[in-house]
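> Have a look at this prediction, sequence included:
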Amino acid sequence: MSGAADSAPVGVFVHERALCESNDVGAGTRIWAFAHVMKGARVGRDCNVGEGAFVEGGAVVGDGCTLKNGVLVWEGVTLSDGVFVGPGVLFTNDRAPRSPRLPEASARYGDKSWLARTEVGRGASIGAGAAILPGLSIGAFAVIGAGAVVTRDVPEHAVVAGNPARPLGHACACGLRLARGADGGDVRECASCRKRYVLRGGTLQPTT
Amino acid sequence: MSGAADSAPVGVFVHERALCESNDVGAGTRIWAFAHVMKGARVGRDCNVGEGAFVEGGAVVGDGCTLKNGVLVWEGVTLSDGVFVGPGVLFTNDRAPRSPRLPEASARYGDKSWLARTEVGRGASIGAGAAILPGLSIGAFAVIGAGAVVTRDVPEHAVVAGNPARPLGHACACGLRLARGADGGDVRECASCRKRYVLRGGTLQPTT
Amino acid sequence: MSGAADSAPVGVFVHERALCESNDVGAGTRIWAFAHVMKGARVGRDCNVGEGAFVEGGAVVGDGCTLKNGVLVWEGVTLSDGVFVGPGVLFTNDRAPRSPRLPEASARYGDKSWLARTEVGRGASIGAGAAILPGLSIGAFAVIGAGAVVTRDVPEHAVVAGNPARPLGHACACGLRLARGADGGDVRECASCRKRYVLRGGTLQPTT
């Protein structure tokens, strides 16, 4: 096992108490204390892998992502570029987990057919302590509230929260909630960055 | 304190960044980085103690259990054989916690009468990030959904989810959900392993 | 970076696998394995900083607090004296988080105007795995149930639970739940420590 900074990929900061066994980590990425990037994990450029975070072999993390403390990214999880994963967020990859060493269940773990994949779109944000059930897709720029338990796909730009998570509205690419327009129509404009969107069939899309 | 692998019980793998201070760990068990098995903890054979997991003195973990990353098993918690504990699952053992160094509460911590025990039956599964309130019993082969907050006892083979956790149905010993039989009656057959069960007074039991 | 016990503030125990970079930690405080108290963090006297806990620069922890395993205390969070923070509790400090390296959001992270502060009053208890949304105040001796997602201010002595957290009743300074008086009136007396309170405008206050 390679551990400390002296064996890390070029241009990657690995804290002396972190473990980085992957050679597929992009330049500018920082891996903090007690974090672990396993062999076979792929992490892009300019990411922040927070303290105690864990990226398993077979997981893919895009460029410019932020994984806060204690985030666990399993095999089968793919994060696009610029994703924010809040502290203690839990991904999952098995719809019917049992201990593989339980005789009644061990046959299921003979191959990887139990593995359910998760996709998180560009720029999405997942709030602290949210749990994402297996086999789901979270759209670009979606916002998952802290403590949410996500049991269904989340459309792009949607805001969801609760257990199970339910739709609360929409968010701009910059992160701000989008209020309904003064005319009550389907157009939304961000009060901060002035980007404009239109609701089409329940999904928010940029107007330009 | 004994730390690294060279002082571990015979046949136990202890990662060089883990701590194992217990001498009551069974052969074949693996303890991963940043995990800690304290003195006085008992862990059975062929277990997997995931990265960052913590097993306190006075906790008991059966044979063939899987503790995923960050699981915390406190004094007073007993896991039977073959239990799956998902990432970030939180057990508890105090019904009315205060900081023991708060003058108004310190009298309560003079002895261990505050300690409430938790029992988890053989082959049960606890989903990612679930919290189990103190003093509860989780039946054999029960399935706790990810993010559930368990406030009541859970019968054997029951599936529960939500905050607070509510019954959703039943699961086979192999982990699969059991659909209601075609005849609408009380018999359930697993679509995967073909094990048969019958509902008796709300509790599912194997027919053989 | 200063790491091991030999560079810790006087009278502070720092486990050999912990990191303590702050020189503002009070005597009698213990910092356990894989925990990290950053430079610029302030931790009072006689605290217990549990395994894997993290206290960021700019966070303030009072005297006699208990931070159980895996607690994350961010910049902007202030805990008064004698607070109990259960295992895996998640504070937050950004109402609209995005990855700062996402081009659409990076402008927001040019200064600290995104930072929302959290205050926790003396002797409060936060149950395992609860998430506290940004910008909130939790009153003295309040009790937050395990797994709660707190989205509003919590009054002193209030008990809340659920996602979102809702009021369940009141608790004594010693931690015990306070039952409604036999006369159905606004006076509450603790069955354990006999302290008396009166409800005034929905808030519980000691009668003496």
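Received, thanks. Numbers count the residues shown, from 1 in each chain, chains lettered A, B, ... in the order given.
> residues near A:G110, how many?
9 (other C-beta atoms under 10 Å in any protein chain shown). Using the backbone N, CA and C atoms, a C-beta is placed for each residue, glycine as well.
> Extract the C-alpha trace of stretch A:141-155 and format it as PDB.
Output of stretch A:141-155 as PDB, limited to C-alpha atoms (Å, rounded to 0.1, in the frame of the first residue of the first chain):
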ATOM      1  CA  PHE A 141     -27.600  21.600 -10.400                       C
ATOM      2  CA  ALA A 142     -30.200  19.700  -8.200                       C
ATOM      3  CA  VAL A 143     -30.100  20.600  -4.500                       C
ATOM      4  CA  ILE A 144     -30.700  17.800  -1.900                       C
ATOM      5  CA  GLY A 145     -31.600  19.200   1.500                       C
ATOM      6  CA  ALA A 146     -29.600  18.300   4.600                       C
ATOM      7  CA  GLY A 147     -30.800  15.100   6.200                       C
ATOM      8  CA  ALA A 148     -32.900  14.100   3.100                       C
ATOM      9  CA  VAL A 149     -33.400  10.500   2.300                       C
ATOM     10  CA  VAL A 150     -33.600  10.300  -1.500                       C
ATOM     11  CA  THR A 151     -35.700   7.400  -2.800                       C
ATOM     12  CA  ARG A 152     -36.500   8.600  -6.400                       C
ATOM     13  CA  ASP A 153     -34.600  10.300  -9.300                       C
ATOM     14  CA  VAL A 154     -34.200  14.000  -8.800                       C
ATOM     15  CA  PRO A 155     -34.600  16.200 -11.900                       C
END
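> Show me which residues of that stretch are buried.
A:141-151, A:154-155 (16 or more other C-beta atoms under 10 Å in any protein chain shown).
> Show residues contacting the lowest-mean-pLDDT helix or strand in chain A.
Using mean pLDDT, DSSP states H and E, strand A:203-206 stands out as the lowest-scoring helix or strand of chain A, at a mean of 87. Under the contact criterion C-beta atoms under 8 Å, 6 or more residues apart in numbering or on different chains, strand A:203-206 has outside partners A:155-158, A:170, A:173, A:178, A:188, A:195-198.
> mind putting the residues you listed in CSV, pLDDT included?
Shown next, in CSV, are those (pLDDT from 0 to 100):
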residue, pLDDT
A:P155, 96
A:E156, 96
A:H157, 97
A:A158, 96
A:H170, 95
A:A173, 97
A:L178, 93
A:R188, 90
A:K195, 93
A:R196, 93
A:Y197, 94
A:V198, 92
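> Show me those that map onto strands.
A:158, A:170, A:188, A:196-198 (DSSP state E).
> Out of those, the closest to C:S99 would be?
A:A158 (17.9 Å; C-beta to C-beta).
> Report the separation between that closest one and C:W114.
Separation of A:A158 from C:W114 (C-beta to C-beta, to the nearest Å): 22 Å.
> okay, the two: which has more neighbours?
A:A158 (23 against 19).
> just checking, the more buried one touches A:P167?
Yes. Assessed by C-beta atoms under 8 Å, A:A158 is found in contact with A:P167 at 5.8 Å.
> distance between the ends of stretch A:150-162?
Length of stretch A:150-162, first residue to last, C-alpha to C-alpha, to the nearest Å: 8 Å.
> what residues are up against A:G62?
So A:G62 contacts A:44, A:79-83, A:122 (C-beta under 8 Å, 6+ apart).
> now do 7 Å
A:44, A:79-81, A:83 (C-beta atoms under 7 Å, 6 or more residues apart in numbering or on different chains).
> now do A:P87
A:68-70, A:128, C:72, C:90.
> when you check chain B, which of those turn up near it?
A:G70 (C-beta under 7 Å from any C-beta of the partner chain).
> closest to B:D24 among the contacts of A:P87?
A:G70 (28.2 Å).
> Might you list the low-confidence residue ranges for chain A?
By pLDDT under 70, the weakly predicted segments of chain A are A:1-8, A:181-184, A:208.
> Contact residues of it facing chain C?
So chain A meets chain C at A:17, A:33-34, A:46, A:51-52, A:64-66, A:69-70, A:82-84, A:86-88, A:123, A:125, A:128-129, A:146-147, A:162-163, A:173-176 (C-beta under 7 Å from any C-beta).
> ok, 6 Å please
Counting by C-beta under 6 Å from any C-beta of the partner chain, the positions of chain A adjacent to chain C are A:33-34, A:46, A:51, A:64-66, A:69, A:82, A:84, A:87-88, A:123, A:125, A:128-129, A:146-147, A:162-163, A:173-176.
> Any chance of a ChimeraX selection covering the buried ones in the residues you listed?
In ChimeraX, this line selects whichever of those come out buried by 16+ other C-beta under 10 Å:
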select /A:33,34,46,51,64,65,66,69,82,84,87,88,123,125,128,129,146,147,162,163,173,174,175,176
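> From the residues of chain A next to chain C, which land in strands?
Using DSSP E, the residues of chain A next to chain C in strands are A:66, A:84, A:125.
> what's the spacing between the last one and C:L72?
It stands for A:S125. Distance from A:S125 to C:L72, by C-beta to C-beta: 17 Å.
> and what of the first one?
Note on A:T66: its distance to C:L72, by C-beta to C-beta, is 14 Å.
> got it, and the second one?
Computed as C-beta to C-beta, the A:F84 to C:L72 distance reads 15 Å.
> what do you get for A:G44?
24 Å.
> okay, those two: which has more neighbours?
C:L72 (30 against 21).
> Identify the bridge partners of the more buried one.
Residues in a beta bridge with C:L72, per DSSP bridges, are C:F54, C:L90.
> show me the contacts for it.
Applying C-beta atoms under 6 Å, 6 or more residues apart in numbering or on different chains, we find C:L72 in contact with A:69, A:87, C:54.
> before we move on, the earlier item: return the member of the contacts of A:G62 nearest to chain B.
A:L79 (16.6 Å; C-beta to the nearest C-beta).
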